[in-house]
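[1] give the three-dimensional model of this entry:
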Amino acid sequence: MADNKDSVVTTMPNAKLQAVTDRVVREMQLAAEKVACHHAEPAKYPMPTAKSAVEQLFAARFATLPDGQRKKAADKAVTELKSPARAGRLGDLSKVDLRSPASVEAQVKALPFPDKLKFPADELRKLPGASLTGPQETAAQSGAQAGAQAVSQLRQLELRIHQIKCLDETSEIGKDEIHLGATTIDESGDTKKVSAFKVRSFNTGDVQTYTPPKRLTFFSLTESTVTFPKSYFVTLVVAEVDWGGLADFLNGLLDKVKAKVAAAVAAAIGGAIGSPGGPVGIAIGIAVGYAVTQIFDFLKGLWGDEVFKPVTVSTVIPSLTSRWAGQDNSSDRSVEFAGHGGRYRLTYDWRMFN
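    Reported below is the predicted structural model:
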């Protein structure tokens with residue numbers, strides 16, 4: 001019986017998938033640049049009018065920044081357009097014209113998907129956790145195994161928060177009022193939002209401990225027809241309340257990135273991906289977590305938007321009878337969030353239950 005695996009998504013474990021995901025990241029970066037350039041010269045860099053355009057999502061976030069910060073970002077973006085290294089950084093997306101009223105997304109869709117980014121679908125089986133059980137195991141097969149080994153089936157999965165500690169408070173005036181929310185991706189590729197809630201107000205050294213651990217979100221391990229192994233991803237969002245709708249921005253960003261990643265993976269493997277479970281689901285989950293991290297790094301560099309960068313954690317469940325080293329719950333894990341001079345540590349675990 002294979003063990004469950006859990007990890008923090010920080011890097012891409014497959015070079016071919018990373019190349020595809022990096023193209024998605026570059027597309028989103030272009031939309032962010034368009035917003036900044038429009039602020040500098042609205043007539044020269046017209047915004048697309050469709051509310052669904054990625055530029056509109058970024059514009060709402062850009063509007064929350066201080067005036068001086070927006071001007072600095074706009075000047076930097078316009079200067080970047082003249083960089084001789086720009087075409088090399090963007091690759092085929094250097095053909096996107098930010099002076100066009102057409103959205104970046106529409107222009108990218110009109111470009112052929114680069115042949116050099118295509119790869120066989122079997123490449124996805126090389127991802128961590130994609131073949132933990134060898135042949136994929138159905139729920140019925142898992143039940144037979146449980147009877148043979150007298151190991152109980154556990155049909156639910158939860159992510160629990162144990163503690164949040166303020167290592168250094170931010171540069172905001174007064175105490176930090178910290179909120180926590182999340183967005184999840186399950187084994188079927190479905191995305192759900194976990195509404196942000198207030199953790200508490202913090203000064204440096206303050207700790208919020210949950211006893212018993214607080215359930216942040218949970219999944220049914222049996223609700224879909226996707227076969228095992230099944231992968232689950234949770235993007236954690238820690239924000240200071242004064243940071244202007246960060247959770248809403250991230251939710252919208254994740255929806256856009258997931259759709260673009262799924263389309264890019266389909267183009268890379270040469271066809272529709274059908275159900276995104278199994279190796280495809282793992283690929284999409286890893287790629288989305290990585291892409292969001294890269295986009296937030298870019299926004300910090302271009303816009304000076306120094307909010308806490310979201311962190312994506314994941315687990316792969318081989319069967320209803322699998323465990324973490326024989327335990328129903330994983331070991332406690334810690335991740336850190338840094339921004340505006342502040343630093344917070346969040347401790348969590350995964351747990352299977354009925």
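
[2] low-confidence ranges, the stretch 251-354 of the chain, go.
    272-276 (pLDDT under 70).

[3] go again using 90 as the cut-off
    Applying pLDDT under 90 to the stretch 251-354 of the chain flags the ranges 251, 254, 270-282, 305-307, 339-340.

[4] ranges for the strands of this structure?
    5-9, 156-168, 176-185, 191-202, 207-220, 230-240, 311-317, 333-339, 342-353 (DSSP state E).

[5] tell me which residues in the shortest one are buried?
    For strand 5-9, the neighbour count (16 or more other C-beta atoms under 10 Å) marks Lys5, Asp6, Ser7, Val9 as buried. Every residue, glycine included, has its C-beta placed from N, CA and C.

[6] closest to Glu33 among these?
    Checking the buried residues of strand 5-9 against Glu33 by C-beta to C-beta gives Val9 as the nearest, at 25.1 Å.

[7] what residues are bridge-paired with that closest one?
    Val9 forms beta bridges with Thr312, as assigned by DSSP bridges.

[8] gap between it and Met28?
    17 Å (C-beta to C-beta, to the nearest Å).

[9] how about Ser100?
    Counting by C-beta to C-beta, the gap from Ser100 to Met28 is 17 Å.

[10] of those two, who's got more company?
    Comparing Ser100 with Met28 by other C-beta atoms under 10 Å, the one with more neighbours is Met28, at 24 against 14.

[11] contacting residues for the residue lying closest to that one once chain neighbours are set aside?
    Distances taken as C-beta to C-beta, 6 or more residues apart in numbering place Ile295 nearest to Met28, at 5.2 Å, with adjacent residues excluded. Counting by C-beta atoms under 8 Å, 6 or more residues apart in numbering, Ile295 touches Val25, Met28, Gln29, Ala32, Leu253, Val257.

[12] and for the nearest residue to Ala283 once chain neighbours are set aside, the neighbour number?
    Once flanking residues are discounted, Ala283 sits nearest to Leu124: 4.9 Å by C-beta to C-beta, 6+ apart. For Leu124, the count of nearby residues is 24 (other C-beta under 10 Å).

[13] wait, Leu124 touches Gly281, no?
    No - counting by C-beta atoms under 8 Å, Leu124 does not reach Gly281; the two are 9.5 Å apart.

[14] Gln163 reaches Asp206, doesn't it?
    No - counting by C-beta under 8 Å, Gln163 does not reach Asp206; the two are 11.1 Å apart.

[15] and the spatially most central residue of the chain, how far is that from Phe337?
    The chain has Gly289 as the residue nearest its centroid, 3.0 Å off, counting by C-alpha atoms, centre = their mean. Applying C-beta to C-beta, the value for Gly289 to Phe337 is 15 Å.

[16] could you do Ala259 as well?
    Taking C-beta to C-beta, one finds Ala259 at 26 Å from Phe337.

[17] the more surrounded of the two?
    Phe337 (22 against 14).

[18] which residue is the nearest non-sequential neighbour of that one?
    Using C-beta to C-beta, 6+ apart, the closest residue to Phe337 is Phe308 (3.8 Å).
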